[in-house]
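> Sequence first, then the predicted structure:
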Amino acid sequence: MKIYVAGPMRGIPELNFPAFHAAASELRAGGHTVFNPAERDIAHHGTDISKGNATGCEALAAATHGFNLREALKDDLEYICLHADAIALLPGWEHSKGARAELHTALALGLKVIHLSSTRVPTHNENSI
């Protein structure tokens, strides 16, 4: 299954990249193809834009690395619209404007919704996905 990982970034130390990476790793271990927006940001900018960003400040990422929220959200929504079978929500997603937009796009498209806990990620063979 092709899964997009969504969750809060802004206002969380290191833009919450460690949680995105952990979820993507576990989902891949379960046999899924995963779009991790943290990996997209790193690939797009050629460096880990979360390092040294202790407060998860979008303005700091923009000033230091040229991060552009419009470009990032465009790429994220493009993957959801064109490729994803499901969206996986990290804890705290409900406090993120971006994750809520991604969820509503997924719901409009009839994609499966997976709620990830901080301790367990579903595997490829589970019926809950």
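Ah, there it is.
> Every contact and neighbour count from this point should use C-alpha atoms.
Noted.
> all strands of this structure, in order?
2-6, 33-35, 86-89, 112-115 (DSSP state E).
> Output the contacting helices and strands for the third one.
Other helices and strands packing on strand 86-89, by 3 or more CA pairs under 8 Å, 6 or more residues apart in numbering; DSSP states H and E, are strand 2-6, helix 97-108, strand 112-115.
> repeat for the second one
When contacts are defined as 3+ CA pairs under 8 Å, 6+ apart, strand 33-35 packs onto strand 2-6, helix 17-29.
> Now these in a markdown table, please, with extra columns for mean pLDDT and distance to residue 78.
A markdown table is the format used below for these (pLDDT from 0 to 100; distance: least, CA to CA, whole Å):
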| stretch | mean pLDDT | distance to residue 78 |
| --- | --- | --- |
| strand 2-6 | 98 | 11 |
| helix 17-29 | 98 | 18 |
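> how much space between the nearest residue to residue 83 once chain neighbours are set aside and residue 68?
Among residues not flanking residue 83 along the chain, residue 2 sits closest, at 6.9 Å (CA to CA, 6 or more residues apart in numbering). Applying CA to CA, to the nearest Å, the value for residue 2 to residue 68 is 25 Å.
> Deepest in the core, which of the helices and strands packed on strand 86-89 is it.
Mean neighbours per residue, mean count of other CA atoms under 10 Å, is largest over those for strand 2-6, with a mean of 25.
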